[in-house]
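> Sequence plus predicted model, see below.
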Amino acid sequence: MSEHTIQAGSRVSAAFAFRDEAGMVIADSEQNGPMVYTHGQGDVLPGIEQALAGHQCGETIQLTLPPEQAYGEHRPELVFEAPLGNLPEGVDLNPGAELYSGMGDRPAFTLRVVKETENGVLLDGNHPLAGKTLYAELQVLSVE
């Protein structure tokens, strides 16, 4: 393999565009800058890492990422009602607002407010793109 072929340990830079099932751009390198990662360390979505392996600088690939190769399946057990008394005072509880959970040595994770309920709010711990198929176009800009 050439030293400019993507393999474990390669530092990769790629232009990208991610679209949802309706063709709407979710994220792209024009807005966010290129994706830069070390191949083989799990720094990017599993489907992207698998697809880029063996490619070289200058190549463009298009791929479909089903949920299991992207942000995982939507897990209904991560959607739950939180009573107002269990939530910190002064936090934004409007739909779409994000709350961060985690205490002490436990890692923080994001909970999104779905809607107000009679007793509190409905929270969702899934990634916003969980359960969705994504469409990606990637152009390898550099391989080191």
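Here it is on my side, so go on.

> mind listing the strands in this protein by residue range?
Under the criterion DSSP state E, the chain contains strands at 11-19, 25-28, 35-38, 60-65, 79-83, 98-101, 109-116, 120-124, 134-143.

> Of the ones you listed, which shows the lowest average pLDDT?
Per-stretch mean pLDDT for the strands of the chain is lowest at strand 98-101 (a mean of 85).

> Given that one, what are its sheet partners and their directions?
Paired neighbours of strand 98-101 in the sheet (DSSP bridges): strand 109-116 (antiparallel).

> which residues sit against the partner strand?
79, 92-102, 121-125, 128 (Cβ atoms under 8 Å, 6 or more residues apart in numbering). (Glycine included, C-beta is placed from N, CA and C.)

> just the buried members of those residues?
93, 99, 121, 123-125 (16 or more other Cβ atoms under 10 Å).

> The strands of the chain: which one's closest to residue 4?
Set against residue 4 and scored by Cβ to Cβ, the strands of the chain come closest in strand 134-143, at 4.8 Å.

> Neighbouring strands - and their directions - for the closest one?
Strand 134-143 has these strand partners (DSSP bridges): strand 11-19 (antiparallel), strand 60-65 (antiparallel).
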